[in-house]
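> Quick one: sequence and predicted model below, then my questions.
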Amino acid sequence: MIRKGLRTTLVIGLKDLTLVGREPSVLFFVLLFPVIFGLLFGAIFSGAAGSGRSTVLVVDEAGNEASTHFIEILREPDGVEIENAADRAAAEERVRHGGVAVALVIPAGFGEASPIGASDDAEGSVRLVADASRRAEVGVVSGMVHGAVFRLTAELAQRPGIAEQWLEAGGASPARSSMIAAAMRSAIGAGDNREVSLRPRVTVESVHVVRPSSWELTFPQAAAWALVGCVSGFGASLTSERASGTLQRLRSLPIPGWPILAGKALACFVSAVVVLSALQVVASVGFGSRVTSLVAVGLAVAMSAWAFTGLMMFLASITSSEQGSEGAVRAVLLVLALVGGAGAPLYFMPNWMQVVSSVSPFRWAILAFEGVSYRAFGFADLAVVLGVLGLFGALGFVGALALSSRSARG
Amino acid sequence: MLRFEGVRKTLGRVEALRGLSLHVEQGEVFGLLGPNGAGKSTTMSIACGLLAPDEGLARINGANPRDAEARRSIGLCAQDLALYGKLTARENLGFFAKAAGVPGRSIRRRVDELLDLIGLTDRAGDRVDRYSGGMKRRLNFAVALVHDPELVLLDEPTVGVDPHSRTAIFELVERVRAGGKTVVYTTHYMEEAQRLCDRVGIIDHGRLLEVGTVPELVKRRGGRTVVTIERGEGNERIETTTPIAVLAAHIHDADATGVRVDVPDLESVFLSLTGRELRDGGD
Ligand SMILES: Nc1ncnc2c1ncn2[C@@H]1O[C@H](COP(=O)(O)OP(=O)(O)OP(=O)(O)O)[C@@H](O)[C@H]1O
Ligand SMILES: [Mg+2]
């Protein structure tokens, strides 16, 4: 029975692929549109930067008066949005996944005295962890951080007793300390800061060694649009089969019900795999988009196709239970795609949007394709993204089954 | 072959079937005659397992049509065309044959046979959306036969069809019957029921009102023949069971300008059963 069912699934799937092949408009949306999209936006966003205030993820390991004041300076009008992170690992993770462009680590001992002549990577230095794909944004933020460090140093040095404390911590005698401190204050007052060698230093560290080309940035989005095409194309074909009665005819045949839907799902999955692979080939061969490994790309393709096949089945079963909601389904799909960063990249969006975007499977598909390209995800990072995609697919199928068994009883 | 016992089915807010009972015998063409909304299509959907009865039972050779295996003996030709417009006639037939589980080696022969049967061999390679309405109807019929079912359910197969295709479909039904199949044929044209069906069931408001051969029905429920003698000053209307005798009695009637004889038919049967015309409003 199962073998027969699988055979029927295959027969129905093949028929659907034939139908797609004969539908020029579907072909356009599934195949051509994503490629055109990739080319167009790839050309437009050559190293574009975000707009509005940047967000900086802060890990305050110092937790002292100096670090608190430092963050206040950064936060001032015309400064940056501050978000707190639990620890360095969490912050790096967020940067790697594209949540924010920059994370700032304020280490323990920040603002305390450091010995004269200590090297740049001395303890107490602020570290920037930056997403190299967002160069312009990183540049702006690191400029602001440097400025804030300078202002903080100057303010601290003006306070009575502070410079003396620093100097004594550095090993100077109290008498000598007060003499140097006086000299320092007059130097800063005169605007000459070359003498101030006691400030906490800033080093900028980048997480990514590779910088993406604009093609590498836009092809994952093109993949998202290819998925929009697949989902709406096959969803519409399922709805039209229902309306035209061919679905009823199939259900009147001496076969169980599941291969009918499974065949449709299979055709959608195969189309998605073919289209995504084709896009990847265009991106890699035509535009030099890098890939970490073929296995990783294969997994990203397969899991995205799976997730969106599930979404297609779910949306199509909603359409069946409520007449005329096909337009609404398209709208939902479009909103999900835009929220998921298939239109403007996520980092163009306000923070709350970036959080909301997690509900969109498009976000995860885009991340998977970025992950196997310039973001160079390791196994663990990739597994998380693929797992989320797998979950979306499974939820879609379960939802579709629940809806269709409810309507079958009607 | 097909048996319904007290089947009830509510669709939305409409009680489409209200305790319908029905027995269709092996090898007969059974006509289900009723006006729009009588419940004909609902009966067909239940017979082929697309819908389950709310109450009562439906059986095909003793088996429940909701079970896939039981449906092997049913071929449904639904009222709405159920074809893939983007595929050719040959591809449509081939696809449904494969999906129905017809063994691969016999599919080609079966498809050729059916194309020949419906006279579309010449156009077999054309896409269905380029066909005329009548050609689509014939193909829709043929698809119901791909897996050689014992029982063929034809739901108003002549709707919106030109006279030529209609005749072709009548011939198809005759050929199917000649092949020893059982046919259930729904229609709201009494001429079709009269011409094609061995037995006819009159259905209205989800109930089967009367069943029998056409002569039986007419005899039981058709009332008497009406002979109308037409005269200049007014017509004389005579109800009789012996119209020839009535005519003989008037043969020397010098005032008569004409005569009309209305023999009872299924229309009069329907009228006497429901008090309404069969075609209320049109088709
Ligand atoms: N899906 C549905 N939802 C709600 N009501 C329905 C549905 N399908 C049929 N009905 C109603 O059930 C009744 C019987 O419909 P059915 O289609 O069986 O009639 P029919 O005899 O085939 O009519 P026709 O000659 O017009 O095809 C009608 O009143 C119809 O409006
Ligand atoms: Mg009907």
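Looks like it arrived, so ask away. Residues are numbered from 1 along each chain as shown, chains lettered A, B, ... in the order given. Ligands and ions are numbered 1, 2, ... in the order given.
> What's the per-residue pLDDT of the closest residue to B:His147 other than its chain neighbours here?
Once flanking residues are discounted, B:His147 sits nearest to B:Ala100: 4.0 Å by C-beta to C-beta, 6 or more residues apart in numbering or on different chains. The C-beta positions use only the backbone N, C-alpha and C, and glycine is treated the same way. With respect to pLDDT, B:Ala100 scores 93.
> Can you name the residues that contact B:Ala100?
By C-beta atoms under 8 Å, 6 or more residues apart in numbering or on different chains, the contact list for B:Ala100 reads A:253-255, B:146-147.
> which ones among those are found in helices?
Taking DSSP state H, every one of the contacts of B:Ala100 sits outside helices.
> between those residues, which is closest to ligand 1?
Among these, A:Leu253 lies closest to ligand 1 (C-beta to the nearest ligand atom), at 20.8 Å.
> Buried residues of stretch B:60-67, list them for me.
Of the residues in stretch B:60-67, B:60, B:65 count as buried by neighbour count, 16 or more other C-beta atoms under 10 Å in any protein chain shown.
> can you tell me how far A:Thr319 sits from chain B?
Noted for A:Thr319: a distance of 18 Å to chain B, by C-beta to the nearest C-beta, to the nearest Å.
> That residue falls within a strand, correct?
No - read with DSSP: H, G, I helix; E, B strand; the rest coil, A:Thr319 is helix and lies in no strand.
> Does B:Asp116 fall in a helix, a strand, or a coil region?
Here B:Asp116 is helix, with the state taken from three-state DSSP.
> Can you get me a residue count around it?
12 (other C-beta atoms under 10 Å in any protein chain shown).
> B:Gly201 touches B:Arg207, doesn't it?
No - judged on C-beta atoms under 8 Å, B:Gly201 makes no contact with B:Arg207 at a distance of 10.2 Å.
> So between those two, which is more surrounded?
Taking neighbours as other C-beta under 10 Å, B:Gly201 and B:Arg207 compare with B:Gly201 leading, 26 against 15.
> Contacts for the strand or helix carrying that one next, please.
Using DSSP states H and E, B:Gly201 sits within strand B:199-204. Strand B:199-204 has contacts (C-beta under 8 Å, 6+ apart) with B:20, B:22, B:25, B:28-35, B:38-40, B:43, B:193-194, B:208-214, B:217, B:266, B:269-270, B:273-274.
> Now, of these, which are buried?
Buried subset of the contacts of strand B:199-204 (neighbour count, 16+ other C-beta under 10 Å): B:20, B:22, B:28-35, B:38-40, B:43, B:193-194, B:208-212, B:214, B:217, B:266, B:269-270, B:274.
> Can I take it that B:Val183 is in a helix?
No - read with three-state DSSP, B:Val183 is strand and lies in no helix.
> Apart from its neighbours in sequence, what residue is nearest it?
Nearest in space to B:Val183, with sequence neighbours left out and distances taken as C-beta to C-beta, 6+ apart, is B:Val29 at 4.4 Å.
> quick one: the residue in the stretch 151-283 of chain B positioned nearest to ligand 1 and B:Leu2, what's the gap?
Here the residue of the stretch 151-283 of chain B nearest ligand 1 is B:His188; by C-beta to the nearest ligand atom that distance is 5.5 Å. From B:His188 over to B:Leu2 the distance is 20 Å, taken as C-beta to C-beta, to the nearest Å.
> if you count what's nearby, which of these two comes out ahead?
Counted by other C-beta under 10 Å, B:His188 and B:Leu2 do not tie: B:Leu2 has more neighbours, with 24 against 21.
> For that one, name its beta-bridge partners.
Under DSSP bridges, the beta-bridge partners of B:Leu2 are B:Val24, B:Ile60.
> For it, give its distance to B:Val183.
Applying C-beta to C-beta, the value for B:Leu2 to B:Val183 is 10 Å.
> Same check on A:Val285?
From A:Val285 to B:Val183 the distance is 60 Å (C-beta to C-beta).
> what about the two, which has more around it?
With neighbours defined as other C-beta under 10 Å, A:Val285 and B:Val183 compare such that B:Val183 has more, 23 against 9.
> and that one, what does it touch?
The contact partners of B:Val183, taken as C-beta under 8 Å, 6+ apart, are B:28-30, B:151-154, B:173, B:176-177.
> now swap in B:Leu17 and tell me
The contact partners of B:Leu17, taken as C-beta under 8 Å, 6+ apart, are B:7-9, B:39, B:42-43, B:46, B:53, B:206-207.
> try 10 Å this time
Applying C-beta atoms under 10 Å, 6 or more residues apart in numbering or on different chains, we find B:Leu17 in contact with B:4, B:6-11, B:38-39, B:42-43, B:46, B:51, B:53-56, B:203, B:205-208.
> Look at it and tell me its secondary structure.
Assignment for B:Leu17 (three-state DSSP): strand.
> again with the one 5 residues further on
In three-state terms, and counting by three-state DSSP, B:Leu22 is strand.
> tell me which parts of chain B are close to ligand 1?
Contact residues (C-beta under 6 Å from any ligand atom) of chain B with ligand 1: B:11-12, B:14, B:16, B:34, B:36-42, B:79, B:188.
> just to revisit the earlier point, now intersect the contacts of B:Ala100 with the strands, please.
In strands, judged by DSSP state E, none of the contacts of B:Ala100 are found.
> Filter the residues you listed down to the buried ones, ChimeraX style.
Only the buried members of those end up in this ChimeraX selection, burial being decided by 16+ other C-beta under 10 Å:
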select /A:253,254,255 /B:146,147
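> Which members of the contacts of B:Ala100 are the farthest-apart pair?
Farthest pair in those (C-beta to C-beta) is A:Ile255 and B:Val146. Separation: 12.7 Å.
> quick one: common contacting residues for the two?
Any residue near both A:Ile255 and B:Val146 by C-beta under 10 Å, 6+ apart counts here, and that gives B:99-100.
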